[in-house]
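[1] sequence plus the predicted model coming up.
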Amino acid sequence: LDYVNKQGAKPLKPWLDVIDGITDKESLVRAVATFNKNNIDNLFSWYVGRDPSDDKTRALFLTQSSVTLPDKTYYTEDSDEMEGHRAKLKERIGHLFGLIGREKAEEEAGLVLGLETAIAKALDDRVVSRGDHGTVVTWDKVRETTPDWMWREWLEELAACSPSPDGGANMCPEGGHPAVLAAGAEGGKPLLMENIPFFEKLGPILRDHPTEAIQALMRWKVVHSAGPSLSDEFLDSLVELQKDVYGIQQKSPRPRKCYYSTLSTTSWPAAKLYADKVFHRPNMAAAGAMLEEIRAQFAEALKGEGWMADGDREAAEHKLKEMFFQVGIPTDAEGKEAWPEQTTALDGLMGKDLLPNEMVGDRLSIQHTLRDLTRVPNRRKWGGSTPTAVNAFYGATNNGLWIPAGILQSPFFDVRNSDARNYGCIGAVLGHEMSHGFDDNGRQYNARGELQDWWSPATVEGFKKGSTCIANVFDSYSIKGRHVQGKLTLGEDIADAGGIKFAYHAFEASGERSQADRRLFFTSFAQTWCSVQKTKNAVAALLSDVHAPNKFRVLGALSQ
């Protein structure tokens, strides 16, 4: 801790030097790409993912930017509450810019807020963005959409194996990534564009804001990203911003932050260590058996869904049957452990400095992403999650469930717990993830995880009629005068309703149950979502989270 505090802003210097070295449009574009390769996005974002229409191909995606505050509402709403948040953001940016030695800190803070406000206004609505699967485009189309950006130069730098600004380990292959450079061209991997209306507005934003404003934004992105790993004065300043936006009262102790930093940077080595040394392995088989019980109840329920045409019901049953499960740790199709290359990729690359080590981890992640473009998609790949996650996931483009070891422990699940507690908690979570395969997003993907209209129009209408009722229920819930956005949370709300239903049926079918057992089942379900939340944090979640507040997740699911 003393060492980190003595370093002050020094670890930022290589990155700030890149920004200061911007002299023209081309150097700006290449600087942005350099930051992209270190997991810091500016102006827009990008990723490599599976082609939604072809389960054997990956694609390069362009997508809209993000902003500092939780939602565009914070930038656009004319209210005392939101004006206060904007004022606090500007003040904190100015203070942090002072810590890195900017002479016109307050002026540059104004530039950042102005540019972020313009970006926020251009962002697609969250409901619209959630349903955007990407449009196949050419680079000519991209240039036509945003002519003010030098796309070829950006792509060249993204694909290049250039040195890291901080001199740390690079990990890119010699010759760079030619497949990335060829993406979107004839014979290359597909190029998809999400949020096209945003990119149409990005051009005017670039024209209306000087290079100095973009440089200021880039400085802020670096400081905001790295601040938690810098000296206390940086951390304390960021905590002041979080107090205003989320209502937190104090900063996390530094040892706790170090723990989470280590777990994030070395996520796969840490996951292997946890799986080998801590994880209660019998929980894997028990959770796997519960998943099959819940799948059986789901399949039985499909037979009685009168709004589904017979052919569509058969297709849904097939999709449910083809859904695979990854329980606890990564395994191959035969059930053998299959730890990814990231588990050992950091060996020998770490030094003594906190931020540079985190940057090494970020570069490893980005290089792995770039390499993925040429690889045939592995449906069982864990993606951005690892076995230490206290969560569970469904992948629409994989048609699979991931149940990490991290959630297969008390109080969520343990073979030594009662059936009522296990089914009410992790059982509902498992049923929730399974239901995602048939929510308003998952239903658009077939059994192979390909985007396809595989339901008849009549079945789609029946689904929309039922899901509209769920959205209306959640629209009626509110906190501090702000309502839950039922269309935004619809996928999670459908999954919650399905999860508790199928878990309960599996619970009843697996043995004789008393009234006390049933009460404990529902108590366990409710306790899963029991939490204390600051009002400011709840408002931020209402505006930005695809999940309804926990209280309403319980009430809403039990009302269906």
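    Cool, got the structure.

[2] only C-alpha atoms for contact and neighbour calcs from this point on.
    Noted.

[3] which parts of stretch 547-555 are buried?
    Neighbour-count burial for stretch 547-555 flags H547, A548, P549, N550, F552, R553, V554 (criterion: 16 or more other CA atoms under 10 Å).

[4] C-alpha coordinates for that stretch, CSV please?
    Taking C-alpha atoms only, stretch 547-555 is exported to CSV below (Å, rounded to 0.1, in the frame of the first residue of the first chain):
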residue,chain,number,x,y,z
HIS,A,547,-32.9,-7.0,-14.0
ALA,A,548,-35.7,-5.6,-12.0
PRO,A,549,-34.9,-4.6,-8.4
ASN,A,550,-34.6,-7.7,-6.2
LYS,A,551,-37.8,-7.1,-4.2
PHE,A,552,-39.8,-6.9,-7.4
ARG,A,553,-38.1,-10.0,-8.8
VAL,A,554,-39.6,-12.0,-5.9
LEU,A,555,-43.0,-10.3,-6.0
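
[5] which residues touch that stretch?
    By CA atoms under 8 Å, 6 or more residues apart in numbering, the residues outside stretch 547-555 that reach it are 474, 477, 484, 489, 492-493, 496, 525-526, 529-531, 538, 541-542.

[6] ditto for stretch 432-452
    Residues contacting stretch 432-452 (CA under 8 Å, 6+ apart): 52-55, 131, 295, 318-320, 322-323, 392-399, 401, 453-454, 467, 490-492, 494-500.

[7] ok, stretch 403-419 next?
    With CA under 8 Å, 6+ apart, stretch 403-419 has contacts from 275, 279-280, 282-284, 286-287, 325-329, 386-393, 421-422, 425-426, 430, 507, 528.

[8] rerun at 6 Å
    N283, V327, G328, P387, T388, A389, V390, N391, A392, N422, C425, I426 (CA atoms under 6 Å, 6 or more residues apart in numbering).

[9] among the residues you listed, which lie within helices?
    Of the positions in those, N283, N422 sit in helices, assigned by DSSP state H.

[10] ChimeraX command for the buried members of the contacts of stretch 403-419?
    A single ChimeraX command selects the buried members of these (16+ other CA under 10 Å):
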select :283,327,328,387,388,389,391,392,422,425,426
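
[11] now render the contacts of stretch 403-419 as JSON lines, adding distance to V245 and pLDDT.
    Listed next are the contacts of stretch 403-419 as JSON lines, based on distance: CA to CA, whole Å; pLDDT from 0 to 100:
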{"residue": "N283", "distance to V245": "39", "pLDDT": "94"}
{"residue": "V327", "distance to V245": "37", "pLDDT": "96"}
{"residue": "G328", "distance to V245": "35", "pLDDT": "97"}
{"residue": "P387", "distance to V245": "31", "pLDDT": "96"}
{"residue": "T388", "distance to V245": "29", "pLDDT": "96"}
{"residue": "A389", "distance to V245": "26", "pLDDT": "95"}
{"residue": "V390", "distance to V245": "25", "pLDDT": "95"}
{"residue": "N391", "distance to V245": "25", "pLDDT": "95"}
{"residue": "A392", "distance to V245": "28", "pLDDT": "96"}
{"residue": "N422", "distance to V245": "36", "pLDDT": "96"}
{"residue": "C425", "distance to V245": "31", "pLDDT": "96"}
{"residue": "I426", "distance to V245": "32", "pLDDT": "96"}
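
[12] so which of the contacts of stretch 403-419 belong to strands?
    V327, G328 (DSSP state E).

[13] how close does P269 sit to T369?
    Applying CA to CA, to the nearest Å, one obtains 18 Å for the distance of P269 from T369.

[14] neighbour count: these two, which is higher?
    Higher neighbour count among P269 and T369: P269, with 20 against 16, using other CA atoms under 10 Å.

[15] let's see the pLDDT reported for the residue nearest the centre of the chain.
    Taking CA atoms, centre = their mean as the criterion, G384 is the residue nearest the geometric centre of the chain, at 8.0 Å. Here, the pLDDT recorded for G384 equals 83.

[16] repeat that for A182.
    For A182, the predicted pLDDT is 97.

[17] was I right about it contacting L191?
    No - if you go by CA atoms under 6 Å, A182 and L191 don't touch, sitting 9.6 Å apart.

[18] tell me which of these two has more neighbours.
    Of the pair A182 and L191, L191 is the one with more neighbours under other CA under 10 Å, namely 24 against 17.

[19] in TSV, list the contacts of stretch 403-419 along with distance to W46.
    Below are the contacts of stretch 403-419 laid out as TSV (distance: CA to CA, whole Å):
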residue	distance to W46
N283	37
V327	30
G328	30
P387	25
T388	26
A389	24
V390	27
N391	25
A392	25
N422	39
C425	36
I426	34
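
[20] out of the contacts of stretch 403-419, which is nearest to E77?
    N391 (33.4 Å; CA to CA).

[21] against S544, how distant is the nearest residue to D545 once chain neighbours are set aside?
    Leaving aside its sequence neighbours, D545 sits nearest to T489 (CA to CA, 6 or more residues apart in numbering; 7.5 Å). Separation of T489 from S544 (CA to CA): 10 Å.

[22] then G328?
    From G328 across to S544, the span is 30 Å (CA to CA).

[23] D2 too?
    37 Å.

[24] neighbour count winner among the two?
    Legend: neighbour count by other CA under 10 Å for D2 and S544, higher for S544 (19 against 8).

[25] can you tell me the closest non-neighbouring residue to D244?
    Using CA to CA, 6+ apart, the nearest residue to D244 is H85, at 6.7 Å.

[26] do the same with G288
    V327 (6.6 Å).

[27] beta-bridge partners for the one you found, please?
    Under DSSP bridges, the beta-bridge partners of V327 are I403.

[28] just checking, F61 touches L192?
    Yes - between F61 and L192 a contact is recorded at 4.8 Å, counting by CA under 6 Å.

[29] work out for me the element L217 sits within.
    helix 211-226 (DSSP states H and E).

[30] so what touches the helix or strand just after that helix?
    Note on helix 211-226: by DSSP H and E, the next helix or strand toward the C-terminus is helix 232-246. Residues outside helix 232-246 that contact it (CA under 6 Å, 6+ apart) are G227, P228, K536, N537.

[31] among the buried residues of stretch 547-555, which one lies nearest to W139?
    Distances from W139 to the buried residues of stretch 547-555, taken by CA to CA, are shortest for H547, at 35.3 Å.

[32] please write out the alpha-carbon positions of the host helix or strand of L370 in PDB.
    Element membership for L370, per DSSP H and E: helix 354-372. What follows is helix 354-372, C-alpha atoms only, in PDB (Å, rounded to 0.1, in the frame of the first residue of the first chain):
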ATOM      1  CA  LEU A 354      -0.300  -3.200  -9.500                       C
ATOM      2  CA  LEU A 355      -1.600  -1.200 -12.500                       C
ATOM      3  CA  PRO A 356       0.900  -2.600 -15.000                       C
ATOM      4  CA  ASN A 357       0.000  -6.100 -13.900                       C
ATOM      5  CA  GLU A 358      -3.700  -5.400 -14.500                       C
ATOM      6  CA  MET A 359      -2.800  -4.000 -17.900                       C
ATOM      7  CA  VAL A 360      -1.000  -7.300 -18.800                       C
ATOM      8  CA  GLY A 361      -4.200  -9.100 -17.900                       C
ATOM      9  CA  ASP A 362      -6.200  -6.800 -20.100                       C
ATOM     10  CA  ARG A 363      -3.900  -7.200 -23.000                       C
ATOM     11  CA  LEU A 364      -4.000 -11.000 -22.700                       C
ATOM     12  CA  SER A 365      -7.800 -10.900 -22.800                       C
ATOM     13  CA  ILE A 366      -7.800  -8.700 -25.900                       C
ATOM     14  CA  GLN A 367      -5.200 -10.800 -27.700                       C
ATOM     15  CA  HIS A 368      -7.200 -13.900 -27.000                       C
ATOM     16  CA  THR A 369     -10.300 -12.100 -28.400                       C
ATOM     17  CA  LEU A 370      -8.500 -11.200 -31.600                       C
ATOM     18  CA  ARG A 371      -7.200 -14.700 -32.000                       C
ATOM     19  CA  ASP A 372     -10.700 -16.000 -31.600                       C
END
